[in-house]
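[1] dropping the sequence and predicted coords here.
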Amino acid sequence: MSAVVGTPLRRKEDPRLLTGEARFVDDLKVPGALTVAIVRSPYAHATINSVDTSAALAQRGVVAAFSGADLRSEWGAPMPCAWPVTEDMKNPEHFPVAIGTACYVGDAVAVVVAESESAAEDAAELVVVDYTPLPAVIDLEDALSDRVLVHEALGTNRSYTWELTPDAGLVEEAFEHAPHIVKERYLQQRLIPSAMETRGVVVVPSPMGGDYTMYSATQIPHILKIMTALTLGIPETKMRVVAPSVGGGFGSKLNVYAEELICVALARRLRRAVRWSEGRTENAQATVHGRGQIQDIELAADANGKVLAVRVKLVADMGAYLQLVTPGIPLLGAFLYGGCYDIPAYSFVCTGVFTTKTPTDAYRGAGRPEATYAVERAMDALARKVGVDPVEIRRRNFVPSDAFPYNSSAGLVVDSGDYEPALDRALELAGYPAVRAEQDQRRAAGSTKHLGVGLSSYVEMCGLAPSRVLSALRYVAGGWEAATVRLLPTGKVQVVTGTSPHGQGHETCWSMIAADQLGVSPDDVEVLHSDTAISPYGMDTYGSRSLSVGGTAVYLATEKVIEKAKLIAAHQMEVSADDLDYAPGTFTVKGSPDRSMALGAIAFEAFTAHNLPDGMEPNLEESTHWDPPNFTFPFGTHVCVVEVDEETGRIEVLKYVAVDDCGTQINPLIVEGQVHGGIVQGVAQALFEEAIYDSDGNLVTSTLADYLVPSAADFPGMVTDTTVTPSPSNPMGVKGVGETGAIAATPAVMNAIVDALAPFGITDIDMPATPQRVWTAIQQAHAQKGVAR
Ligand code: MCN
């Protein structure tokens, strides 16, 4: 396409991140700021009879302490949920500090404000809360029974039931007559996002009060600003939100959190700057969790394994409350349970249910890893039933390359795709036939080291999103993105974006886009972001949307700058604008190569405004608000090879191959990094991670000693490659890549494990597939064989 786009440029943000120069929330020094400590419920469910803060208040250095009731007057509205997925969705009233009832371990019940962190934390331990414990609601099916209600006032634990049943009749018919029916239940365990930087907030009021600047480790400064203004009754013009450097979020920082609202409320009440930093255990308890679903999936297929219908029923764990987009997360997957296959008939129903656990919400992939997991595991089950190789079952069902744009039975228009080349390349890189041959050899030799190979072919829907579609899904905000591009008088470029990177490298990629368009070096482009005073409009970063929506906005704003510059060049060179050719950085008169004008010179002319066309405003600055016509649909195939030790249950990933297609790549190095990170998270779900609650509702995995986050040592090198199928839905042909690895990896690993265990007749293992679980399943299989003998 051009000079720098498509090249593996190193990230310009990395030197400051790697040398300690970057400033995270916790690094911000605000003289005189008070520290907030949160008193959290040790019970999963309890009536709060009273809160006594007197002992805490008597401590030296303590400035204030409040219960939920004390702060009630601060909230003009309860905590926001921006996705009421059905008209009759039940949403319990939720305030930042609980009043009357605590609904999960970690629910805030009081706050202490002190001159130092240690004073705040010590005093928080002296707050006496009188609780009457209530029974916990942990199990999803138990929750559905309404035996114990999480929120008495709702009269049920069911928040909503959402259906997508475009072909109900066809689905029923297919299941009545199909020669092959696959019926599977999969459990999506809860995950704890565990970003490297936990959350943190600093709020600085203006000296006279009334204006507030919030620094927060957030993915969504713009949405947070609006929601804070609404919840606290502060005029939007008086609220500024800044996300400084943010150490990862993976969806968990796409939220409006109690602590953010508490800090603004306290700054307002005390007229002092306040700060709060989240500890690692607080992070496990009070930052949203991901996944948490029971998935029932059924496939009806003809004699050749061609799928005729897919029927899906989900129970999704909302946790104790609905956070910003909690109820919508399963819906993001609802459109993808047909995978990358040509499925004639489809039905989906999801029930969201409350439990006395940490609220769930977005976590890398948000609904789409769950969908991909279910369909890819079920396709392997179908392959077993039909008696064909998992590769063959996929080929028989892929949407053919000439069918795009493809209208899926779930209602999507998948704009472009070409699934077989990615599969072929992944098989080639994995050495598929050789792996199968070795598997056969080992089995024949009676080896106790079982080889397994697993596939995952996926398509995802990202780039959130056309605003009209979001409206149809009852999401309250839009899906556009804003950008401003300024060509400064010296020829340097300033880009202002509404996206809010927290590890994705937007400064590099947006610089590359602007550089190629304007004919400058990426080093000459400055990208400004994540401060609502600098970029007043934005919909922020999540849903692998930033490039295809925000990057496209940058591209379109540069086009506008070039258009205006062309008029100036034409005016000054006394030719018609139609007589000018543009090559990045220079306008040349057609047929007269020596008559040209550089964009930098035009920028200076626009600045001095000495000789502009009549009526033209000075300066070269243009803005765009881009609302995409469609999602983007990256796809690919991942192949995982594992070795399972029959004697210990230990699983080793021997090889991992990923072939992804995210359309045109702006920076292949960043694409590869995104894929790597996503794969590790996906593999971690398969092998390591699980938020475990005991029957009283205690989170027993609330430290990193108990919750197994993988390290580099746990993982082999990855082999990655790409195919390129541009998206026709945006001018650069780009698709998102931020979540693909997490979406594809989990089923590839689990399919490989189940494949390795085929000789034992094992067809499923709950995630994470720990050595203990695998070993136990093998022992049970041995025992059953023994009985049969
Ligand atoms: N890119 C590219 N060419 C493409 C696609 C993407 O060069 N065809 C580049 C983009 O320019 C951008 C990066 O890859 O620099 C990711 O782009 P995109 O897919 O648009 O995703 P977003 O920038 O919107 O990032 C969100 C996505 C999500 S949803 C999660 S979750 C996630 C992820 O990004 N969380 C992350 N990657 C993460 N990476 C880090 N380090 N930390 C997180 O918290």
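    Structure's in. What do you need?
[2] going forward, measure contacts and count neighbours with C-alpha atoms only.
    OK.
[3] count of neighbours near Val413?
    Around Val413 there are 16 other residues, counting by other CA atoms under 10 Å.
[4] for it, name its beta-bridge partners.
    Beta bridges link Val413 to Asn407 when assigned by DSSP bridges.
[5] touching, it and Pro405? I think so.
    Yes: using CA atoms under 8 Å, Val413 is in contact with Pro405, at 6.2 Å.
[6] give me the buried positions along stretch 602-609.
    Of the residues in stretch 602-609, Ile602, Ala603, Phe604, Glu605, Ala606, Phe607 count as buried by neighbour count, 16 or more other CA atoms under 10 Å.
[7] spatially nearest residue to the last one, not counting backbone neighbours?
    Counting by CA to CA, 6 or more residues apart in numbering, Asn619 is the residue found nearest to Phe607 once chain neighbours are left out, at 4.8 Å.
[8] which residues sit in contact with that neighbour?
    Residues in contact with Asn619 (CA atoms under 8 Å, 6 or more residues apart in numbering) are Leu487, Leu488, Ala603, Ala606, Phe607, Ala609.
[9] go on, Phe607?
    Leu488, Pro489, Pro618, Asn619, Leu620.
[10] looking at the contacts of Asn619, spot the one nearest Ile138.
    Leu487 (56.8 Å; CA to CA).
[11] against Val493, how distant is that closest one?
    Separation of Leu487 from Val493 (CA to CA, to the nearest Å): 5 Å.
[12] now Ser592
    For Ser592, the distance to Val493 - CA to CA - is 28 Å.
[13] ok, those two, which is more surrounded?
    More crowded of Ser592 and Val493, by other CA under 10 Å: Val493, with 26 against 10.
[14] next, that one: phi, psi?
    Main-chain torsions, Val493, degrees, to the nearest 10: phi -120, psi 140.
[15] hey, what's it bridged with?
    Leu487, Val525.
[16] is it true that it touches Arg486?
    Yes: between Val493 and Arg486 there is a contact under CA under 8 Å: 5.7 Å.
[17] spell out which parts of the stretch 251-400 of the chain neighbour the ligand.
    Residues of the stretch 251-400 of the chain lying close to the ligand (CA under 6 Å from any ligand atom) are Gly251, Tyr363, Arg364.
[18] which of those lies closest to the ligand?
    Nearest to the ligand among those: Arg364, at 3.6 Å, using CA to the nearest ligand atom.
[19] name the SS class of that closest one, please.
    On the three-state scheme (DSSP: H, G, I helix; E, B strand; the rest coil), Arg364 is labelled coil.
[20] once you drop chain neighbours, what's closest to it?
    Using CA to CA, 6+ apart, the closest residue to Arg364 is Phe250 (5.0 Å).
[21] name the element the one you found belongs to?
    Phe250 is part of no helix or strand, with elements assigned from DSSP states H and E.
[22] in the least confident helix or strand in the chain by mean pLDDT, what's buried?
    Using mean pLDDT, DSSP states H and E, helix 771-788 stands out as the lowest-scoring helix or strand of the chain, at a mean of 88. Within helix 771-788, the residues that count as buried by 16+ other CA under 10 Å are Pro771, Arg773, Val774, Trp775, Ala777, Ile778, Gln779, Ala781.
[23] what parts of this protein come near the ligand?
    Counting by CA under 6 Å from any ligand atom, the chain sits next to the ligand at 248-251, 363-364, 502-506, 509, 541-548, 662-668, 670-671, 674, 734-739.
[24] could you list every helix and strand in contact with the helix ranked longest in the chain?
    Counting residues, the longest helix found in the chain (DSSP state H) is helix 552-573. Secondary-structure packing of helix 552-573 (3 or more CA pairs under 8 Å, 6 or more residues apart in numbering; DSSP states H and E): strand 481-487, helix 506-518, helix 599-608, strand 620-626.
[25] tell me the pLDDT of Pro207.
    We note a pLDDT of 88 for Pro207 in this prediction.
[26] for Thr355, list the residues it contacts.
    Going by CA under 8 Å, 6+ apart, the list of residues near Thr355 reads Ala136, Val137, Ile138, Asp139, Leu140, Ala143, Val150, Asn157, Asp317, Met318, Gly319, Ala320.
[27] of these, which belong to helices?
    Leu140, Ala143.
[28] mind putting the contacts of Thr355 in JSON lines, neighbour count, distance to Pro244 and pLDDT included?
    Shown next, in JSON lines, are the contacts of Thr355 (neighbours: other CA atoms under 10 Å; distance: CA to CA, whole Å; pLDDT from 0 to 100):
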{"residue": "Ala136", "neighbour count": "24", "distance to Pro244": "38", "pLDDT": "98"}
{"residue": "Val137", "neighbour count": "29", "distance to Pro244": "38", "pLDDT": "98"}
{"residue": "Ile138", "neighbour count": "21", "distance to Pro244": "37", "pLDDT": "98"}
{"residue": "Asp139", "neighbour count": "14", "distance to Pro244": "39", "pLDDT": "97"}
{"residue": "Leu140", "neighbour count": "21", "distance to Pro244": "38", "pLDDT": "98"}
{"residue": "Ala143", "neighbour count": "22", "distance to Pro244": "40", "pLDDT": "98"}
{"residue": "Val150", "neighbour count": "33", "distance to Pro244": "37", "pLDDT": "98"}
{"residue": "Asn157", "neighbour count": "26", "distance to Pro244": "38", "pLDDT": "98"}
{"residue": "Asp317", "neighbour count": "35", "distance to Pro244": "32", "pLDDT": "98"}
{"residue": "Met318", "neighbour count": "31", "distance to Pro244": "30", "pLDDT": "98"}
{"residue": "Gly319", "neighbour count": "27", "distance to Pro244": "29", "pLDDT": "98"}
{"residue": "Ala320", "neighbour count": "27", "distance to Pro244": "30", "pLDDT": "98"}
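[29] so which of the contacts of Thr355 comes closest to Asp107?
    Ala320 (9.1 Å).
[30] hmm, that closest one is touching Tyr104, no?
    Yes: using CA under 8 Å, Ala320 is in contact with Tyr104, at 6.3 Å.
[31] so what sits against both of those two?
    Contact criterion CA under 8 Å, 6+ apart; residues shared by Ala320 and Tyr104: Thr356, Lys357, Thr358.
[32] re earlier: any idea of the mean pLDDT for the longest helix of the chain?
    Here the average pLDDT along helix 552-573 is 98.
[33] CA atoms of it as PDB?
    Output of helix 552-573 as PDB, limited to C-alpha atoms (Å, rounded to 0.1, in the frame of the first residue of the first chain):
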ATOM      1  CA  THR A 552     -10.200   4.700   9.900                       C
ATOM      2  CA  ALA A 553     -11.300   8.000  11.400                       C
ATOM      3  CA  VAL A 554      -7.700   9.100  11.400                       C
ATOM      4  CA  TYR A 555      -7.400   8.000   7.800                       C
ATOM      5  CA  LEU A 556     -10.500   9.900   6.700                       C
ATOM      6  CA  ALA A 557      -9.400  13.000   8.600                       C
ATOM      7  CA  THR A 558      -6.100  13.000   6.700                       C
ATOM      8  CA  GLU A 559      -8.100  12.700   3.500                       C
ATOM      9  CA  LYS A 560      -9.900  15.900   4.400                       C
ATOM     10  CA  VAL A 561      -6.700  17.700   5.300                       C
ATOM     11  CA  ILE A 562      -5.300  16.700   1.800                       C
ATOM     12  CA  GLU A 563      -8.500  18.000   0.200                       C
ATOM     13  CA  LYS A 564      -8.100  21.400   1.800                       C
ATOM     14  CA  ALA A 565      -4.400  21.500   1.100                       C
ATOM     15  CA  LYS A 566      -5.200  20.800  -2.500                       C
ATOM     16  CA  LEU A 567      -7.400  23.900  -2.800                       C
ATOM     17  CA  ILE A 568      -4.600  26.000  -1.300                       C
ATOM     18  CA  ALA A 569      -2.000  24.500  -3.700                       C
ATOM     19  CA  ALA A 570      -4.200  25.100  -6.700                       C
ATOM     20  CA  HIS A 571      -4.900  28.700  -5.600                       C
ATOM     21  CA  GLN A 572      -1.200  29.500  -5.100                       C
ATOM     22  CA  MET A 573       0.000  27.700  -8.300                       C
END
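[34] beyond that helix, next helix or strand please.
    The first helix or strand that comes after helix 552-573 along the chain, using DSSP H and E, is strand 580-583.
[35] right, I'll call it a day here.
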